[in-house]
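J.: this one's structure only:
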């Protein structure tokens with residue numbers, strides 16, 4: 001069948017293209033019609049620009065097909081699928097920016113609340129990635145927490161840390177608008193990383209002890225180095241952001257070894273596939289939980305939804321992303337306009 005998808009055709013250039021989708025369903029798969037997809041600015045910009053360490057050796061190859069957050073409706077199912085029905089609305093992990101998809105049902109989570117808009121439900125995938133960092137540091141009630149970076153993953157990590165009892169809860173980002181939003185959504189304080197008073201402010205806010213838990217979401221090696229210097233003894237730092245270029249030297253003796261700091265790799269691929277354990281939840285279980293929190297209003301999504309656009313606008317939107325335009329964050333493609 002004919003479908004449309006967004007392709008990164010060359011560094012910094014995206015296009016909407018037509019392609020033929022194979023609709024013969026392998027066992028365990030579903031045919032989906034996409035309602036909407038969400039841009040994940042960090043990963044998608046890295047792939048759009050052909051940066052290093054994208055998961056395969058050698059330079060990036062084009063075209064590239066990105067987009068791992070979607071909401072779609074089930075159009076058809078393989079004969080062996082029992083957990084879904086035709087007509088179900090599902091959140092899709094490991095999707096593409098595409099009009100139609102064929103996906104394994106292991107990557108699908110049924111959206112139970114019909115009142116939850118698709119343009120909000122689609123955020124559950126990136127929210128789960130931010131939550132991954134919080135699960136890894138095993139935050140305890142009353143511990144201090146700093147979330148470094150207030151993009152989508154960071155702002156969801158911050159909201160989950162608030163719900164988990166972080167006190168004080170702190171945020172860091174270069175963009176003033178993001179710092180303001182972090183405080184509106186639960187942070188006790190927010191700073192720019194280049195604020196000369198930052199270290200003293202952290203010392204005062206934590207009673208001179210330093211920060212118990214840090215969730216690093218920027219992917220910047222400089223942020224990791226800075227976060228280590230702000231931590232309390234026996235603190236834990238989870239690395240959620242992908243540091244694709246090794247550009248910093250860390251004083252491991254003074255900043256890690258002697259204070260007993262635990263550094264945790266929190267890439268989403270370390271999750272278990274089928275069964276959740278404390279600190280190690282499956283992607284699907286976290287998506288289900290977050291959808292419930294969205295529907296209950298416990299986690300705010302609407303302030304993060306900046307715009308809904310047609311897939312035909314993709315070339316212009318990704319040109320803005322290539323130029324590091326921060327207003328691309330929160331952009332959702334409405335595939336019903338394609």
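T.: Good, I have the coordinates. Predicted model, so just to flag it, every value in this text is computed and none were measured.

J.: Any figure for the gap between residue 13 and residue 111?
T.: Taking CB to CB, to the nearest Å as the measure, residue 13 and residue 111 are separated by 33 Å. Just so you know, the C-beta spots here come from the backbone N, C-alpha and C atoms, and that holds for glycine as well.

J.: Who has more neighbours out of these two?
T.: Between residue 13 and residue 111, counted using other CB atoms under 10 Å, the more crowded position is residue 111 (23 against 15).

J.: In contact with residue 162, which residues?
T.: 169, 185-187 (CB atoms under 8 Å, 6 or more residues apart in numbering).

J.: For the residues you listed, which two are the farthest from each other?
T.: The largest separation in the contacts of residue 162, counting by CB to CB, is between 169 and 185 at 9.9 Å.

J.: Could you pull out the residues contacting both of those two?
T.: In contact with both residue 169 and residue 185: 158, 162, using CB under 8 Å, 6+ apart.

J.: between the two, who's got more neighbours?
T.: Ranked by neighbour count (other CB under 10 Å), residue 169 and residue 185 place residue 169 first, with 26 against 19.

J.: What's the per-residue pLDDT of that one here?
T.: At residue 169 the predicted local confidence, pLDDT, stands at 98.

J.: In contact with it: list those residues for me.
T.: Per CB under 8 Å, 6+ apart, neighbours of residue 169: 144-145, 147, 158, 161-162, 186-188.

J.: again, but for residue 242
T.: Residues in contact with residue 242 (CB under 8 Å, 6+ apart) are 42-43, 46, 53, 219, 267.

J.: picking that back up, out of the contacts of residue 169, flag the one nearest to residue 137.
T.: Comparing those against residue 137 with CB to CB picks out residue 145 as the nearest, at 7.7 Å.

J.: And that closest one, its phi and psi?
T.: Dihedral pair for residue 145: phi -150, psi 140, per degrees, to the nearest 10.

J.: Tell me which helix or strand the residue nearest the centre of the chain sits in.
T.: For the chain, the residue nearest the mean C-alpha position is residue 126 (3.0 Å; CA atoms, centre = their mean). Remark: residue 126 resides in helix 124-137, with elements defined by DSSP states H and E.

J.: roughly how far is that helix from the heart of the chain?
T.: Offset of helix 124-137 from its chain centre (CA atoms, centre = their mean, to the nearest Å): 7 Å.

J.: So what's the model's average confidence on the next helix or strand after it?
T.: Once helix 124-137 ends, the next helix or strand along the chain (criterion: DSSP H and E) is strand 145-148. The average pLDDT for strand 145-148 rounds to 98.

J.: What pairs with strand 145-148, parallel or antiparallel?
T.: The strands that strand 145-148 pairs with in its sheet are strand 169-172 (parallel), strand 211-216 (parallel) (by DSSP bridges).

J.: what about the helices in the stretch 101-250 of the chain?
T.: Along the stretch 101-250 of the chain, the stretches classed as helices by DSSP state H, counting those that start in this stretch are 118-121, 124-137, 152-163, 176-184, 198-205, 221-229.

J.: rewinding a little: so for residue 232, which of the strands paired with strand 145-148 sits nearest?
T.: Residue 232 lies closest, by CB to CB, to one member of the strands paired with strand 145-148: strand 211-216, at 5.3 Å.

J.: what's the angle from the strand or helix carrying residue 75 to helix 124-137?
T.: Element membership of residue 75 [criterion: DSSP H and E] is strand 69-77. Relative orientation of strand 69-77 versus helix 124-137 (axes from the mean of the first three to the mean of the last three CA atoms, to 10 degrees): 120 degrees.

J.: tell me what strand 69-77 is packed against?
T.: If you count contacts as 3 or more CB pairs under 8 Å, 6 or more residues apart in numbering; DSSP states H and E, strand 69-77 packs onto strand 29-38, strand 89-93, strand 100-104, helix 118-121, helix 124-137.
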